[in-house]
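Novice: from the sequence below, what's the structure:
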Amino acid sequence: MAGDTPSRKRRLRLPGSSRTDKGVPGPAEGAQEAPDAEPTASLPSLGTRDDERGLPASLEAAAGPEAPLPAERGTGQDDGSPVEARRAGRLDAVKRLAEPARGRLDRMRIDSDRIDAVRRGVAQGVKRGGDGARAGIGYLADRLIDLAPRIPVRDLATLRRQFPGLGPEEIADKLVAGAANASSTVGAGIGAAAMLPMPPAMPAELAAEITGVAAVELKLIAELHEVYGLRPPGRLTQRSAAYLTSWAEERGVDPTKPTTVNAALGGQLKRELRQQIMKRMVRNLPNLMPFMVGAAVGAVMNRRDTKKLASRIREDLRGRQVPWDALPELPPLERPENPPELGF
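Specialist: Below you'll find the predicted structure:
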């Protein structure tokens, strides 16, 4: 038919493609009429040449400018992207919140280091003080061991001459009263010396009081053993060790049991002496109160302690008392080497 497109120039359409009728603009004409519209991609028709297809319908032309992939858009690697800005803002906020916490942690760490240093210093000071106290108590124990053999003790014959017509209990009462007065005098003297508090002199004052009271009480213990007819066997040093054990344990010496005498000669004596000295030091601390208060307190407390010790010793000795008539002939006691140094 006239006006129809020759069959050789007809375009073959694939199934499903849009049909172009006569009078409808083709792809090229649509592109020319609407240049702003997005170009559509169409497959080339079979049996046609490139110059008869209008504009090239390649995939590269249809794709247009390259767009970033979704993975690339989500990474936020670009410096000016909103994701990077939000992430930087969150990081700054976390840093602002973490700075005060870090400062507090640093201060807590510094405070804990200071506390540890103070604790170590206190522990070292306590350790040095404990070592010094143990050394002082050990020195006092050694001094008492050296002092005991030098204390003059009156034997039974001398006591009966000094207190004629009195029995064992009456003589014992006289001995306890004299020892209580002597220990009371020692406590009052140390308390008067501590009238003005001087901390460096307090350990020396305590040591002097303990030594003086111990000498008085050791003399009392030895003479009570003489009155009740229970003189420990052995030489002067052995008897002095037995009296020291009696003073430390606050009980009498049993001459019929050699273990009590032998134990006094070993290391057990020093241990018991240290314990007794420690108790005496704690009890004598109120004697160091200033303004003559310690003098009154020391006098009363020492008198009470001496009477209490004498009561325990006498109660223990009464159960083993030997009557004077049944006593064998006892040799006189040895005289100490230098008693004048003690003031007896």
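
Novice: please count neighbours and contacts with C-alpha atoms only from this point.
Specialist: Noted.

Novice: Pro233 contacts Arg239, doesn't it?
Specialist: Yes - between Pro233 and Arg239 there is a contact under C-alpha atoms under 8 Å: 6.8 Å.

Novice: more neighbours: these two, which one.
Specialist: Arg239 (21 against 14; other C-alpha atoms under 10 Å).

Novice: ok, now how distant is the more buried one from Thr245?
Specialist: 10 Å (C-alpha to C-alpha, to the nearest Å).

Novice: do Asn181 as well
Specialist: Going from Asn181 to Thr245 by C-alpha to C-alpha gives 23 Å.

Novice: what helix or strand is Arg231 on?
Specialist: Counting by DSSP states H and E, no helix or strand carries Arg231.

Novice: isn't it up against Gln238?
Specialist: No - in this structure Arg231 lies outside contact range of Gln238 using C-alpha under 8 Å: 11.3 Å.

Novice: show me which of the two is the more surrounded one.
Specialist: Arg231 (20 against 17).

Novice: pop out the phi and psi values for the more buried one.
Specialist: Here is the backbone geometry of Arg231 (degrees, to the nearest 10): phi -70, psi 130.

Novice: residue contacts, the nearest residue to it once chain neighbours are set aside?
Specialist: Nearest non-adjacent residue to Arg231, counting by C-alpha to C-alpha, 6 or more residues apart in numbering: His225, 5.5 Å away. Going by C-alpha atoms under 8 Å, 6 or more residues apart in numbering, His225 touches 231-232, 252, 317.

Novice: ok, so of these, who is nearest Phe291?
Specialist: Gly252 (38.6 Å; C-alpha to C-alpha).

Novice: that closest one contacts Ser311, doesn't it?
Specialist: No - distance between Gly252 and Ser311: 10.7 Å, which falls outside the contact criterion (C-alpha under 8 Å).

Novice: comparing those two, which residue is more hemmed in?
Specialist: Between Gly252 and Ser311, counted using other C-alpha under 10 Å, Gly252 has the larger neighbour count: 26 against 15.

Novice: can you check what pLDDT the model gives the more buried one?
Specialist: With respect to pLDDT, Gly252 scores 84.

Novice: buried ones in stretch 283-294?
Specialist: 284, 286-290, 292-294 (16 or more other C-alpha atoms under 10 Å).

Novice: give me the mean pLDDT for it.
Specialist: 80.
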